[in-house]
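Chemist: need the 3D shape of this:
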Amino acid sequence: MIEFHWKIKFKLKNQKELQKWIELVIISENKTLGDLNYIFCSDEYLLERNIKYLKQNTLTDIITFNYCEGRIINSDIMISIDRIKENSIIFENSFSDELHRVMIHGVLHLIGYDDQTTEEKKIMREKENFYLKKLCI
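Modeler: Numbering: from 1, shown residues only. Modelled structure (predicted):
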């Protein structure tokens, strides 16, 4: 089950379509959907969690807590709407495109993709682009 939660005033459009799209990505990668919670929050909220749980005192757009069991995808994914807004300007992307990219980026990490090396980053970006084209909203 995919659920959306808010720690700030923010309205997520097309929730049903996004749920179907995320589940399609998970199934396409031969995984099974368990419980996936997206928590939309502020920079401040996410920074507090980054310090508390990851011991990193830096702003970030997403933190993915991996609770996967075998092939079953379970996670809390926290996304800073402040970072999405700023990054959409920096990367000359629309807010919704940036948000969708970050949402699926977290799922791809849970599936097993990484982005530490140049080659991994290339593969991750190709996967993001491939699945973003499958989103019909």
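
Chemist: which parts of this protein are strands?
Modeler: Applying DSSP state E to the chain gives strands spanning 2-6, 32-41, 62-66, 72-80.

Chemist: which helix is the longest one in this structure?
Modeler: When the chain is parsed with DSSP state H, its longest helix is helix 95-111.

Chemist: what residues sit buried inside that one?
Modeler: 98-111 (16 or more other CB atoms under 10 Å). Quick note: C-beta positions are derived from backbone N, CA and C, even for glycine.

Chemist: just those now: which is nearest Gln15?
Modeler: Met103 (11.5 Å; CB to CB).

Chemist: surely Phe40 meets Ile77?
Modeler: No. Counting by CB atoms under 8 Å, Ile77 is not a contact partner of Phe40; they are 9.6 Å apart.

Chemist: so which of the strands of the chain is nearest Glu120?
Modeler: Of all these, strand 62-66 sits nearest to Glu120, with 15.4 Å by CB to CB.

Chemist: what does the closest one contact?
Modeler: 46, 49-50, 53-54, 74-80, 83, 102, 105-106, 109-110 (CB atoms under 8 Å, 6 or more residues apart in numbering).

Chemist: what does stretch 122-137 give?
Modeler: In contact with stretch 122-137 (CB under 8 Å, 6+ apart) are residues 13-14, 17-18, 21, 24-25, 28, 97, 100-101, 104-105, 108, 113-115.
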